[in-house]
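Participant: need a 3D model of the following:
(one chain, ligands or ions: 2)
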Amino acid sequence: MSLLPVTDAQARLLALGTPLAVEQAALIDAVGRWAAEPVVAVRDQPAHDLSAMDGYAIRYAERPGPWTVVGESAAGGGLDRPLAPYEAARIFTGAPVPAGADSVLIQEEAARDGVRLTMTGEGPLRAGGNVRPRATDFAIGAPLVAAGQRISARHVALAGIGGHGTIPVRARPRIALISTGDELVPLGAPTPGSRLPASNAAMLAALLAGRPATVFDHGIVRDDLDAIADAFRQAAETADVIVTTGGVSVGDHDLVRPALDKAGATLDFWRVAMRPGKPLLAGRLGDAIVLGLPGNPVSSYVTACLFLLPLIARLGGAADPLPATRTVMLGAPLPLNGIRQDYLRARITDGRAYAPDGQDSAALVALASADGLIVRPPHAPAAAAGDSAELLTLD
Ligand code: AMP
Ligand code: MG
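Facilitator: Ligands and ions are numbered 1, 2, ... in the order given. All right, here's what the predicted structure looks like:
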């Protein structure tokens, strides 16, 4: 099998899934998920003409008064009757402007003697001065959140003021994590000889912690065909996505591919033209999508960012599931690139991106201190300091 270009592999993986079932979620529970349907205002905002200042509700045409103060309008309340000519109402910020009034005389420009009100300054500059007219932010029926929009705190404010306590989103995908490798021990356990802490599942769970997904860690599975096939079958009973790490290369102990076959899965693709992450694999087992990530922790992380996160966004109904890049200026030259798309661990210093030499795909120190990944397309020509490049921002 030849190496699949990254964008083709992403498209094929996303095509394996469809958005999950729609459910109504409380606004706070919808944060980080994607609106499944458009959210439309069910109330005007503001619902009345409101005062923008503390002062007196008056008719602009009646300046400079005097007026008779006949009552008060406070936030949440209001005057119980319309104002007659040359009547005014005491009014506070956010309070409804009484019928009959059209402007607010701010209190700094007003003098009051009992119920007699006069103007001491210039007064409102126009009819409607110091008033926020009804529905200036939005009117009933206005589109507030588009389908596929990721919900942030700002959308919570908007949908909440728009009259909604819940909004439609997609169910959270259930993600099963399977770590393969005879060398692996649980985190924090002793590591005699060449044993190694199994950090990938924890890293993936951490990456998904802020995302709309429910993670089930199926633990460490030995490099044994039947053990891996059993783990696949068990995970497929409940998971929407099964993520394995390790065992996808071409060594004698790389058994994920044959185990998938044994479990009855169909392989969609294997091996992507990228570095790190070449041995990535995707397929389907029953209703579950299988994503086989390389075991190398740096490769695992990079492929999770480029494939697992977009897949979660796809299942969540995102309008645009693929990660965004931004253009940065290089701080140092980069050599001609080979046939694979490179993701270079880079730091940003004084607004310029630097990718240190020796991009060892097992180097976690460089990954942990990176600000982003410089994306080098296949066959990218040598680049000089000052040239621009695309950067994938990291969490
Ligand atoms: P593999 O793809 O199974 O050949 O693994 C590649 C490298 O990643 C090997 O050095 C493994 O020891 C290491 N590795 C595999 N799985 C994990 C894991 N869950 N956590 C940390 N390192 C791993
Ligand atoms: Mg292995």
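Participant: so what's Arg112 up against?
Facilitator: Arg112 sits next to Val69, Thr118 when contact means CB atoms under 8 Å, 6 or more residues apart in numbering. C-beta: built from backbone N, CA, C; applies to glycine.
Participant: and what about it, helix, strand or coil?
Facilitator: Under DSSP: H, G, I helix; E, B strand; the rest coil, the three-state class of Arg112 is strand.
Participant: who does Val22 form a beta bridge with?
Facilitator: Beta-bridge partners recorded for Val22 (DSSP bridges): Arg170.
Participant: contact partners for it?
Facilitator: Going by CB under 8 Å, 6+ apart, the list of residues near Val22 reads Ala36, Glu37, Pro168, Val169, Arg170, Ala171.
Participant: narrow the residues you listed to those that are buried.
Facilitator: Buried by 16 or more other CB atoms under 10 Å: Ala36, Pro168, Val169, Arg170, Ala171, out of the contacts of Val22.
Participant: now the two most distant members of the residues you listed.
Facilitator: Pro168 and Ala171 (11.0 Å; CB to CB).
Participant: check the contact lists of those two and give me the overlap.
Facilitator: Residues touching both Pro168 and Ala171 by CB under 8 Å, 6+ apart: Val22, Glu23.
Participant: what are the phi and psi values at Leu204?
Facilitator: Main-chain torsions, Leu204, degrees, to the nearest 10: phi -70, psi -40.
Participant: now for it, how many residues are close by?
Facilitator: Other residues near Leu204 come to 23 when the count uses other CB atoms under 10 Å.
Participant: quick check: it touching Ile242?
Facilitator: No: counting by CB atoms under 8 Å, Leu204 does not reach Ile242; the two are 11.9 Å apart.
Participant: any regions of the protein where pLDDT drops low?
Facilitator: Scanning the chain for pLDDT under 70 picks out the ranges 1.
Participant: interface residues of it facing ligand 2?
Facilitator: Counting by CB under 5 Å from the ion, the chain comes close to ligand 2 at Gly181, Gly246, Gly247, Gly295.
Participant: quick one: contacts for the third one?
Facilitator: It stands for Gly247. Contacts for Gly247 (CB under 8 Å, 6+ apart) come out as Thr180, Gly181, Asp223, Ile228, His253, Asp254, Leu255, Val256, Gly292, Gly295.
Participant: can you add distance to ligand 1, neighbour count and secondary structure and give these back as TSV?
Facilitator: What follows is the contacts of Gly247, written out as TSV (distance: CB to the nearest ligand atom, whole Å; neighbours: other CB atoms under 10 Å; DSSP: H, G, I helix; E, B strand; the rest coil):
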residue	distance to ligand 1	neighbour count	secondary structure
Thr180	6	27	strand
Gly181	4	19	coil
Asp223	8	20	coil
Ile228	11	25	helix
His253	7	14	coil
Asp254	6	19	coil
Leu255	9	23	coil
Val256	8	29	helix
Gly292	9	27	strand
Gly295	3	24	coil
